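Fold the following and give me the result.
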Amino acid sequence: MPKTLYFYNVLLCLVLIGCHKNTHTYHVSDYGAIGDGKVINTVAIQNAIDDCHTEGGGTVTLENGNYVSGTLLLKDNVNLHIAEDAKLIGSSNPLDYQSIDTFTDATGQERGNCLIGAKNAAHISVTGKGTIDGNGEAFLNKNIKAKIKELNIIDTKGFGTNRPFLLRFVNSSQIKVQDVHLRQPAAWTCHFFESNDILVENVTIYSHAHKNNDGIDLDSSYDAVIRNCDINTGDDAICLKTTSPKPTYNIQVSDCKLKSDWGSIKFGTESMGDMYNINIKNCYIYDTKGGGIKILSVDGANIHDITVDGIQMDRVDMPIFIRLGERLRTYRDANKQDVGTITNVFIKNVKGGTRVLDSSRVNPPSGILISGTPNHKIGNIVLENIELELPGGGKEEHTMVRVEEDETRYPEFSFFKVLPAYGLYGRHIDSLQSNKVVFTITGNDKRDPQVLVDTHTIQPK
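Got it, this is the predicted structure:
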């Protein structure tokens, strides 16, 4: 582990151990909150949070009931604790939500609403073995139309379009999310933006209520640990990104179970700021339709010093996809970046197999795709001790496929369609070192196991 990363992890542990020294407990029921699954409790719960903060900090507790609420804003030294017998449920009324640090995401949608939020806060946490349910289905188009009719909304423009995240932390520090069950937000589940000293531990996420249902997004944030989490999402499970020019760095992800319909471990696609000193290890990725490990710099990010080690995969589309592109999209009115770089990426001890032919996004599939562009090559990539099983299916015509460059397009492996290699297709790479990389096919395949274009390979020592 790099010394810098080790130092920050020690610092993080010390910070979190010292978090919430105040032991005062504030029961939301004492503030008039009713856990009947019907009453909107936003004001009551927020009053408890405010008093907790004003009086020096402590724990705000929800217990024994289903508490419906709109946006709750955490403040310094407050731990929001959801007891095992309690559930916090997002209101179905878009008017009950607030937007913090509103921005436009890569899909062109306005974001910022959330169920639980914090801005410029420190020493905050969300804990407990209870459940936070975003009630995301309430924001499906058909249900928004019904809500407009129910509330007799006259000006419907934009009503319900800023779909709320479940948890959102902005410019905050010393954050802990621990033990809770996070379910069914209308958008991303847990978003950290320009925040630091973060611990996410023993958290389960189920996020399939709507579109863009990411699990955990670390966005222009640093000094973060994600461990022992079970994440099942419709979009990216764990996503490291930069929607600002500020970097994401000093990140550790370990011992997580991940399932996704789009990508389990992903860097990008929003990638303006750099990403570095990131260590991902001992994770299980299963039944994933959109890519196991995806490392994407397309908006100017310099991605470097990345280690992915000890990954088991089962039924995973495109196990490894690395792409340096030239999309150069901007966010938050930032200036356009120059084309970025990807170098010093170490992927090792990866074992598993792809999805079968009839459930693969690309049929027949391939195991690894690494691509720079003709004018911007990927730097140093090391692949070591990788064993992947594939179903085969490649025909003679697939050996002659011309793979488009598509430098400025959204970086998705499926857009490149069938590749001329069933194992590894690599191009525009300055230094590719592979050692003990084995591809096994269970059916016939006319394609070669490996095709390299404009790539310099280095033999292992």
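
who's Ile342 bridged to?
With DSSP bridges applied, Ile342 shows beta-bridge pairing to Ile303.

Could you give me the buried positions within stretch 405-416?
Glu405, Asp406, Glu407, Pro411, Glu412, Phe413, Phe416 (16 or more other C-beta atoms under 10 Å). Bear in mind the C-beta positions are built from the backbone N, C-alpha and C, glycine included.

Is the third one in contact with Leu328, as I believe?
No. Under the criterion of C-beta atoms under 8 Å, Glu407 lies out of contact with Leu328, with a separation of 9.9 Å.

Mutual contacts of the two, please.
Counting by C-beta atoms under 8 Å, 6 or more residues apart in numbering, Glu407 and Leu328 have no contacts in common.

and whichever strand or helix holds Phe169, what other elements does it pack with?
Under the criterion of DSSP states H and E, Phe169 resides in strand 165-170. Packing partners of strand 165-170 (3 or more C-beta pairs under 8 Å, 6 or more residues apart in numbering; DSSP states H and E): strand 98-104, strand 110-119, strand 190-193.

For stretch 427-440, which outside residues touch it?
Taking C-beta under 8 Å, 6+ apart as the rule, stretch 427-440 contacts 324, 343, 367, 370-374, 376-390, 403, 422-424, 426, 449, 452-460.

thinking again about what came up before, between the helices and strands packed on strand 165-170, which one is closest to Thr61.
Thr61 sits nearest to strand 110-119 of all the helices and strands packed on strand 165-170, at 14.6 Å, using C-beta to C-beta.

buried ones in the closest one?
Within strand 110-119, the residues that count as buried by 16+ other C-beta under 10 Å are Arg111, Gly112, Asn113, Cys114, Leu115, Ile116, Gly117, Ala118, Lys119.

Helix or strand with the lowest mean pLDDT in this structure?
helix 3-17 (a mean of 46; mean pLDDT, DSSP states H and E).

after that one comes which helix or strand?
strand 25-27.

Neighbouring strands - and their directions - for that next one?
strand 58-62 (parallel).

which other residues reach the strand it pairs with?
20, 22-28, 33, 35, 45, 48-49, 52, 77-83, 86, 88, 128, 130.

ok now that strand, how far from the chain's centre?
28 Å (C-alpha atoms, centre = their mean, to the nearest Å).

With only the CA atoms kept, save that strand in PDB.
C-alpha atoms of strand 58-62 as PDB (Å, rounded to 0.1, in the frame of the first residue of the first chain):
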ATOM      1  CA  GLY A  58     -25.300  13.200  19.700                       C
ATOM      2  CA  THR A  59     -27.600  10.700  18.200                       C
ATOM      3  CA  VAL A  60     -31.100  11.200  16.600                       C
ATOM      4  CA  THR A  61     -32.900   7.900  16.800                       C
ATOM      5  CA  LEU A  62     -35.800   6.500  14.700                       C
END
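
What's the mean pLDDT across it?
When pLDDT is averaged along strand 58-62, the result is 98.

for whichever helix or strand comes after it, packing partners?
Under the assignment DSSP H and E, the closest C-terminal helix or strand after strand 58-62 is strand 65-69. Counting contacts by 3+ C-beta pairs under 8 Å, 6+ apart, strand 65-69 is packed against strand 36-40, helix 42-54, strand 86-90.

returning to what we had before: of the contacts of stretch 427-440, which qualify as buried by neighbour count?
Here, 16+ other C-beta under 10 Å leaves 324, 343, 367, 370-373, 376-384, 386-388, 390, 403, 422-424, 426, 449, 452, 455 buried among the contacts of stretch 427-440.

Show me where the stretch 201-350 of the chain has its strands.
Assigned by DSSP state E, counting those that start in this stretch, the strands in the stretch 201-350 of the chain fall at 204-207, 216-219, 222-227, 230-233, 238-242, 248-254, 257-260, 265-271, 275-288, 293-297, 302-316, 320-324, 341-353.

sorry, back to before: got a markdown table for the buried residues of stretch 405-416, with distance to Asp230 too?
Shown next, in a markdown table, are the buried residues of stretch 405-416 (distance: C-beta to C-beta, whole Å):
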| residue | distance to Asp230 |
| --- | --- |
| Glu405 | 38 |
| Asp406 | 35 |
| Glu407 | 37 |
| Pro411 | 27 |
| Glu412 | 26 |
| Phe413 | 25 |
| Phe416 | 31 |
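
Between which two of those residues is the distance greatest?
Glu407 and Phe413 (15.1 Å).

Can you lay out the buried residues of strand 110-119 as a markdown table showing pLDDT?
Below are these laid out as a markdown table (pLDDT from 0 to 100):
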| residue | pLDDT |
| --- | --- |
| Arg111 | 89 |
| Gly112 | 94 |
| Asn113 | 97 |
| Cys114 | 98 |
| Leu115 | 98 |
| Ile116 | 98 |
| Gly117 | 98 |
| Ala118 | 98 |
| Lys119 | 98 |
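
Export these as CSV, with columns for distance to Asp217.
Shown next, in CSV, are these (distance: C-beta to C-beta, whole Å):
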residue, distance to Asp217
Arg111, 11
Gly112, 13
Asn113, 15
Cys114, 12
Leu115, 15
Ile116, 15
Gly117, 14
Ala118, 15
Lys119, 16
